[in-house]
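Trainee: Could you look at this predicted model? Sequence included:
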Amino acid sequence: MMGYVLIIGAILGLIRVMGPTSGDSIFGSYWWLGYPVSLTYLVTGIVALFSAYTLAENVVLPLTFAIGVVAFFVGLYGLVWGAKILGVSLDGPIGNLFNLLFGAWGIWAVSGERVTLMRKCRKGDIEACDMLGVQRIR
């Protein structure tokens with residue numbers, strides 16, 4: 001689902017509803033999406049949807065976790081230390097909060113799913129063990 005949210009946000013940033021500058025955004029200086037961030041959201045959204053619908057769960061879980069961790073720390077960095085990373089503007093305080101929430105959601109989703117799969121694997125569910133990429137210990 002977050003893949004869809006990212007793609008919609010990217011499109012809104014690219015068609016000048018939410019960017020590319022704070023003056024062009026309907027939210028003003030509180031939240032805008034510059035071109036680099038819009039393109040990042042678009043690529044991340046496409047990767048998220050592609051992986052969710054085509055890749056095995058033992059690939060999707062680590063990918064979701066990695067994207068969640070990166071998004072969380074980008075949001076944290078933007079709120080605490082600065083408004084730019086590698087020269088790219090992080091697009092306002094609401095954008096940083098969005099990144100924090102998006103990252104936390106990704107980390108939480110994977111953690112909950114992994115716990116469920118681990119319980120099933122311990123109970124003998126071979127498919128759950130395969131999804132985790134582990135062999136069941138007898």
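Mentor: Yep, that arrived. Residues are numbered from 1 along each chain as shown.

Trainee: CA atoms for contacts and neighbours, from now on please.
Mentor: Noted.

Trainee: all strands of the protein, in order?
Mentor: With strands called from DSSP state E, the chain shows them at 84-85, 88-89.

Trainee: how about those, which one is nearest residue 41?
Mentor: strand 88-89 (13.4 Å; CA to CA).

Trainee: by contact count, what packs against that closest one?
Mentor: Applying 3 or more CA pairs under 8 Å, 6 or more residues apart in numbering; DSSP states H and E, one finds that strand 88-89 contacts helix 35-54.

Trainee: what packs against the helix it packs on?
Mentor: Using 3+ CA pairs under 8 Å, 6+ apart: helix 35-54 touches helix 2-14, helix 57-80, strand 88-89.

Trainee: Show me which residues of it are buried.
Mentor: 35-39, 41-42, 44-46, 48-49, 51-52 (16 or more other CA atoms under 10 Å).

Trainee: Most widely separated two among these?
Mentor: Farthest apart among these - using CA to CA - are 35 and 52, which lie 25.4 Å from each other.

Trainee: pull the helix or strand with minimum mean pLDDT from the protein.
Mentor: When each helix and strand of the chain is scored by mean pLDDT, DSSP states H and E, strand 88-89 comes last, with a mean of 72.

Trainee: Appreciated, that's everything.
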